[in-house]
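In: I would like to see how this sequence folds:
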Amino acid sequence: MNQPSPLTSIGFLLFPGVTQLDLTGPHEVFSRLPDVKVHLLWKNLDPVRADSGLTILPTARLNEAPPLDLLCVPGGPGQVALMEDPEVLSFLRTSAETCRFITSVCTGSLLLGAAGLLKGYRATCHWASLDQLTALGATPVAQRVVVDGNRITGAGVTSGIDFALAVVLRTAGEAVAKRIQLQMEYDPAPPFAAGSPAGAGPEVTAQLLERIHSFQERRRAVTLRAASALKDT
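Out: Numbers count the residues shown, from 1 in each chain. This next block holds a predicted model:
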C-alpha cells in the first residue's frame, strides 16, 4: 500500500431520491477525519428529499464545487433519472479529471458507469443490480468493497461504512481508520445473516426480487440506454 496521503476535500453527489444511508454512512466516517471539509453537491441549495423521506441540505451547487480530492456518488431510486442527465454526467466527468479518487456506494456505480468512468475497471454495486455494470464497460465483482486504481466502489447501502473505512485506511493510515471505527462503535452484530442472497436463502431472495421487479426492469432499461449512449460518444 502506498504511503498515506490525507484527504482535505471530499464531495458527495446529493440528489432527490438518494438512499440516505448510502451517503450518510460514509459521510459519518469521512467527517471524523482531521482537517477535512465534506461538501454535499447538487444543482441548487434547496432541501433534497431522500427516498426514505428524510431531507438533506446541499452545501454547494454543482457549478460551484470546490476542488475535490475524492468524489463519492451514492445510489438510490433517484440515480436512474440521473443516468440520462447531461448536467450531472458532465459534472462527474469534469470532476474525474482532477479528483484523486472516484468512488461510489450501491447503485452510484451505475451512474459513474453512465458517465463512462468505469470502462475497464473492476467495480461493485448492490447485488440486485450488479450485473448491469457489464453493459457500462465495467467488470462486476461481488465484494463489499472493490478497489481498482483510483476507483473505489462499495456494494449495497450499509457497505458505505466499510467503503469509507477502506478509503481512510489508504489515505490516513490504519491507526486513524481503527480510531474512527471504534469511535463509531462500528461492530455490527445483526440478528440474522440475511444481508446477502447467500445468507438470506432462495425463498427470501425471491420474495424481495418479486417486490422490486418492476423498478429493477426500469433501472435496467435506463442502464442499457446509457450504455448505448456511451458507444455513440
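
In: and the longest helix seen in the chain, which residues are buried?
Out: For the chain, the longest helix by residue count, based on DSSP state H, is helix 213-231. Residues of helix 213-231 classed as buried: 219-220, 222-223, 226-227, 230 (neighbour count, 16 or more other C-beta atoms under 10 Å). (Each C-beta comes from the backbone N, C-alpha and C, glycine too.)

In: Where is pLDDT lowest across the residues you listed?
Out: Of all those, Leu230 has the smallest pLDDT value, namely 94.

In: Spatially nearest residue to it (excluding sequence neighbours)?
Out: Gly116 (5.4 Å; C-beta to C-beta, 6 or more residues apart in numbering).

In: what about that neighbour, how many neighbours?
Out: 17 (other C-beta atoms under 10 Å).

In: Tell me how far the residue sitting furthest away from the middle of the chain lies from Arg93.
Out: Largest separation from the mean C-alpha position in the chain: Glu203, at 28.1 Å (C-alpha atoms, centre = their mean). Look at Glu203 and Arg93: by C-beta to C-beta, to the nearest Å, they are 42 Å apart.

In: again, but for Thr55
Out: Distance, Thr55 to Arg93, using C-beta to C-beta: 28 Å.

In: what's the answer for Pro140, then?
Out: 22 Å.

In: Those two - which one has more neighbours?
Out: When neighbours are counted by other C-beta under 10 Å, Pro140 and Arg93 differ, and Pro140 comes out ahead with 21 against 13.

In: low pLDDT regions in this protein?
Out: 1-3 (pLDDT under 70).

In: now the strands for it?
Out: In the chain, the segments counted as strands under DSSP state E are 9-13, 37-42, 48-49, 55-56, 60-61, 70-73, 101-105, 122-123, 139-140, 145-148, 151-154.

In: Of those, which is nearest Gln183?
Out: Each of these has some distance to Gln183 by C-beta to C-beta; the shortest is strand 37-42, at 16.2 Å.

In: Need the residues that contact the closest one.
Out: 8-15, 23, 27, 30-31, 48, 56-62, 65-66, 68, 91 (C-beta atoms under 8 Å, 6 or more residues apart in numbering).

In: Neighbouring strands - and their directions - for it?
Out: Using DSSP bridges, strand 37-42 pairs in its sheet with strand 9-13 (parallel), strand 60-61 (parallel).

In: List the contacts of the first one.
Out: In this case it means strand 9-13. So strand 9-13 is contacted by 23, 26-27, 30, 36-42, 65-74, 88, 91-92, 95, 108, 111 (C-beta under 8 Å, 6+ apart).

In: correct me, but Cys99 touches Pro66?
Out: No: under the criterion of C-beta atoms under 8 Å, Cys99 is not in contact with Pro66, lying 11.5 Å apart.

In: neighbour count winner among the two?
Out: A count of neighbours by other C-beta under 10 Å puts Cys99 above the other of Cys99 and Pro66, at 20 against 11.

In: check contacts around the more buried one.
Out: Cys99 sits next to 68-71, 150 when contact means C-beta under 8 Å, 6+ apart.

In: Can you tell me which of those is closest to His213?
Out: Nearest to His213 among the contacts of Cys99, with distances taken as C-beta to C-beta, is Leu71, at 31.6 Å.

In: Now do the residue nearest to Phe192 when sequence neighbours are not counted against Pro190, distance only.
Out: Leaving out its chain neighbours, the residue that sits closest to Phe192 by C-beta to C-beta, 6+ apart is Gly199, at 7.4 Å. Remark: distance between Gly199 and Pro190 (C-beta to C-beta) = 10 Å.
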